[in-house]
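**Q** got a sequence here, can you build the structure:
(chains A and B)
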Amino acid sequence: MLYPLWFVLIASVSDPTYVNLGEVILLPKGLNFNGYRELLEYRQLLTGYRNTIVYTLVGTCLNLLVLLPASFALSRKELCFRRFLMLFFLLTMYVSGGLVPLYLQVKSLGLMNTMWALILPGAFSVYNMIICRNFFSSNISDELYDSARIDGASYTGFFLSVVLPLSKSIIAVMVLFHALGHWNAYLNALYYLSDSEKFPLQLVLRNLQSQLDMVREGGMTGAELLRKLNLRESVKYSIVLAASFPVALMYPFVQKHFVKGVMMGSIKG
Amino acid sequence: MQKFKKIGTKWPTRRQIWRCWELYLFLLPAAVFTILFAYVPLYGVQLAFKDLGPGLTITQSPWVGLKHFKRLFAIPDFRRIMANTVKVAVYTNLFMTPIPVLFALMLDQVENRYFKKAVQTVSYLPHLLSLVVVFSIARLMTGHSNGIINVLIKKMGGEPILFFGKPGWVIPLYIITDIWQNMGYSAIIYLAALAGVDQALMDASKVDGCNRLQTIVHIKIPAILPTIITMMILSWGKLFSLGVDKMLLIQSDMNLKSSEILSTYVYKVGLLQAQYGFSTAVSLFNTVINIACLLVVNGIARRYSDSGLF
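**A** The predicted structure is shown next:
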């Protein structure tokens, strides 16, 4: 399972000549960090990094602001037309207008080429709403609400001061799911963004990979060029790691929530 | 609270509705987003029967009947695109149904708790990586002149293979990356089910002289069968809703013959060639297949296992 990652890691710190000869298999050879140093030269990569961090933060906050209140409302049995409202949301999981109508809608809202095109269309996830709703229905008892009500709490007060503090685990899971989704997304950017200054990291990575390939196929010679090409090889490896490094860094802390999230999702709604 | 118990069977009074006005406020943002980005586009599906005129909105554009559908069924590539879609969908599901189960069963046999935990933790790490990263790694490892796999092939005296350039490798690449990325993650749920197997049953089987394999076949597999069936229904129900994101990373001009599937075709004609009406028709066609498939799978599941999706 780990080998592909390990291979990329050792190849990124090895001398590209050895990599090309296939002598880097288990351990790095000709240890150096030129690939990473070169990486800092790619300005687009840094912009991509910055963009992705912004998109992830803003996107995840918005996701949760929309998701949590809605799931809570739908978990309350006294909500009138609850079945109809659920149907209203669930239906969108099965039928969709397809790519072009959505594209035209994003366009007509004037979101093209803005970060909002990446954030707003997916702002509300029905699937995660079901998970949260199930969590709320089984963890927030009616008695709890009744007693809060007697103490004079409104729904808002109850939600903010009782429900949210009791739901830390599901909130953690949702933050993780949504943040990961934003971090890894490239498709919406491909659809809606044309200004490369706004590209998120994943799209930059995708484009860079093919760019680096093309230069390689140019088939030039000379010692200086060879060195450059070699450097490019290292860059290709280090770039992959640079793009997934934050995720890997978070992994030990989030993996517990990860499992929890799967289990919560598996409870049928 | 008692009097609210029966809501749903009776039309609620205005007072009951008014009572939870805050809850409606809670729902408002979600509803707005759903309308804006799901229902408005859904209304836009009529574009499948229209030609979007220059400067016209979807509603104003002229109807053209089934023109786009006729064209879709007439294009020479249609059969190939359909065949590719079916192949990728069916093969992926064929592999992704049993492999996580097998992995879970194997891991379940491991006695050492720490080792088990470590393997499991590592196994779902790839699920966190983005598709772009996964395919970057795949491309690096399969590079023609210097990818580790081709280097090894050459060392053993074989001819290097252009993995991303051969139509025949599209489906293997799709499946192998899928397994690598999702096997551990999908196994989580089976491992949890396996952990819940009644210890008394295990002890009884031991007394009866079952060996390991017999315990697995007669106790463990039946115990997780409901989970397997549910997961199967879920995955087979969305058989044809193959995303565009993954295939787009495999696709190149060289392997187009077997990497063009419905969703990538929708993207290509819709956004790259701006044939809005035609693209909408193709995606509508895809949606109809999805729903039909979902209903069929759900019907089968209901008949044979009384654990349908809805």
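
**Q** may I have the predicted confidence score for the nearest residue to B:S241 once chain neighbours are set aside?
**A** With sequence-adjacent residues excluded and distances taken as CB to CB, 6 or more residues apart in numbering or on different chains, B:S241 is closest to B:N290, at 5.0 Å. Just so you know, the C-beta spots here come from the backbone N, C-alpha and C atoms, and that holds for glycine as well. The per-residue pLDDT reported for B:N290 equals 90.

**Q** go on, the one 5 residues further on?
**A** Predicted confidence (pLDDT) for B:L295: 89.

**Q** burial measure for it, as a count.
**A** The number of residues packed near B:L295 is 14, by other CB atoms under 10 Å in any protein chain shown.

**Q** and the gap between it and B:L239?
**A** Using CB to CB, to the nearest Å, B:L295 is found at 12 Å from B:L239.

**Q** again with A:W6
**A** A:W6 is 34 Å from B:L239, by CB to CB.

**Q** pull the contacting residues for the residue in the stretch 151-269 of chain A that chain B sits nearest to.
**A** Nearest to chain B, among the residues of the stretch 151-269 of chain A, is A:N184, at 3.4 Å (CB to the nearest CB). Contacts here follow CB atoms under 8 Å, 6 or more residues apart in numbering or on different chains; on that basis A:N184 touches A:Q202, B:L129, B:S130, B:L131, B:V132, B:V133.

**Q** among those, which ones are in helices?
**A** A:Q202, B:L131, B:V132, B:V133 (DSSP state H).

**Q** could those residues go into TSV alongside pLDDT and neighbour count?
**A** As requested, the ones in helices among the contacts of A:N184 are exported to TSV (pLDDT from 0 to 100; neighbours: other CB atoms under 10 Å in any protein chain shown):
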residue	pLDDT	neighbour count
A:Q202	92	24
B:L131	92	21
B:V132	91	25
B:V133	91	25
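
**Q** which one of those residues is nearest A:Y192?
**A** A:Q202 (14.0 Å; CB to CB).

**Q** the closest one touches A:A189, doesn't it?
**A** Yes - when contacts are counted by CB atoms under 8 Å, A:Q202 is listed as touching A:A189 (7.4 Å).

**Q** what about A:S71, how many residues nearby?
**A** Count around A:S71 with other CB under 10 Å applied: 25.

**Q** against B:L194, how distant is it?
**A** 30 Å.

**Q** anything in stretch A:167-181 near chain B?
**A** Yes - using CB under 8 Å from any CB of the partner chain, stretch A:167-181 reaches chain B at A:L180.

**Q** next one: that stretch to chain centre, how far?
**A** For stretch A:167-181, the separation from the chain centroid amounts to 11 Å (computed by CA atoms, centre = their mean, to the nearest Å).

**Q** the strands in the stretch 151-269 of chain A, which residues?
**A** Shown for the stretch 151-269 of chain A, no strands are assigned by DSSP state E, counting those that start in this stretch.

**Q** distance to A:G98 added to the ones in helices among the contacts of A:N184, as a markdown table?
**A** Formatted as a markdown table, these follow (distance: CB to CB, whole Å):
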| residue | distance to A:G98 |
| --- | --- |
| A:Q202 | 23 |
| B:L131 | 21 |
| B:V132 | 24 |
| B:V133 | 28 |
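
**Q** what is the nearest of those to A:S154?
**A** A:Q202 (42.3 Å).

**Q** skipping adjacent residues, who's closest to that closest one in space?
**A** Using CB to CB, 6+ apart, the nearest residue to A:Q202 is A:Y186, at 3.8 Å.
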